[in-house]
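**Student:** Generate a structure from the sequence data that follows.
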Amino acid sequence: MIREMKEEDLQQCGVIYAKAFPIEYWGIDWAPDNAKEYLLDFYEQKRFIGYVYEEDDAVIGCIFALCKISGSKKEIYINEMAVLPEKQGQGIGRQLLKTLLDYSKEKGYAGVVLYTSEYAPASKFYEKNGFKLSQGTICMYYA
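**Tutor:** Numbers count the residues shown, from 1 in each chain. Sure thing, here's the model as predicted:
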């Protein structure tokens with residue numbers, strides 16, 4: 001079952017996130033507590049949108065997003081999505097994503113945007129769910 005996220009879900013979301021984002025793909029060594037703190041930053045945003053997937057009263061998947069204003073339009077920016085590794089491949093991520101896409105359409109938003117690593121399997125998941133590679137956009141960083 002999918003429902004809106006509550007603050008008390010954040011602890012389990014941190015556990016899920018730490019398990020779902022292994023260092024070999026993402027280059028960050030997550031622990032449940034620092035993952036929870038990381039996700040709390042999104043949860044506390046003014047225009048936060050979040051859902052969890054529950055099975056037998058246990059949260060096993062989550063999606064964190066924000067409504068962002070871009071000029072005269074609104075769009076949803078997906079910050080993070082995670083499903084327990086042992087539950088991946090069962091359609092849970094697809095259902096969480098569909099819930100967010102339906103919300104975007106219902107609100108009349110311009111679309112949904114996200115960033116992911118080209119080296120992790122997530123990009124194939126998003127492509128299978130209708131996302132396309134953005135043209136003319138680059139990601140830059142300073143270290």
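
**Student:** Show me where this structure has its helices.
**Tutor:** Assigned by DSSP state H, the chain shows helices spanning 10-20, 23-26, 32-43, 92-107, 122-128.

**Student:** So which bits of the third one are buried?
**Tutor:** This means helix 32-43. Residues of helix 32-43 classed as buried: 32, 35-36, 38-39, 42-43 (neighbour count, 16 or more other Cβ atoms under 10 Å). (Each C-beta comes from the backbone N, C-alpha and C, glycine too.)

**Student:** now for that helix, which elements pack on it?
**Tutor:** Other elements packing on helix 32-43 under the criterion 3 or more Cβ pairs under 8 Å, 6 or more residues apart in numbering; DSSP states H and E are helix 10-20, strand 48-55, strand 58-70, strand 73-83.

**Student:** Kindly provide the whole-number mean pLDDT of that helix.
**Tutor:** Averaged across helix 32-43, pLDDT comes to 96.

**Student:** distance between it and the chain's centre?
**Tutor:** How far helix 32-43 lies from its chain's middle: 13 Å, per Cα atoms, centre = their mean, to the nearest Å.

**Student:** Report the contact partners of Ile28.
**Tutor:** If you count contacts by Cβ atoms under 8 Å, 6 or more residues apart in numbering, Ile28 has them with Phe21.

**Student:** Distance-wise, check it relative to Asp57.
**Tutor:** Counting by Cβ to Cβ, to the nearest Å, the separation of Ile28 from Asp57 is 30 Å.

**Student:** give me the low-pLDDT residue ranges for the protein?
**Tutor:** 117, 119-121, 123, 125-126, 130-131, 136, 138-143 (pLDDT under 70).

**Student:** and if we set it to 80?
**Tutor:** Along the chain, the parts satisfying pLDDT under 80 run over 22-27, 115-143.

**Student:** sorry, back to before: tell me the most buried of the helices of the chain?
**Tutor:** With neighbours defined by mean count of other Cβ atoms under 10 Å, none of these is more surrounded on average than helix 10-20, at a mean of 21.
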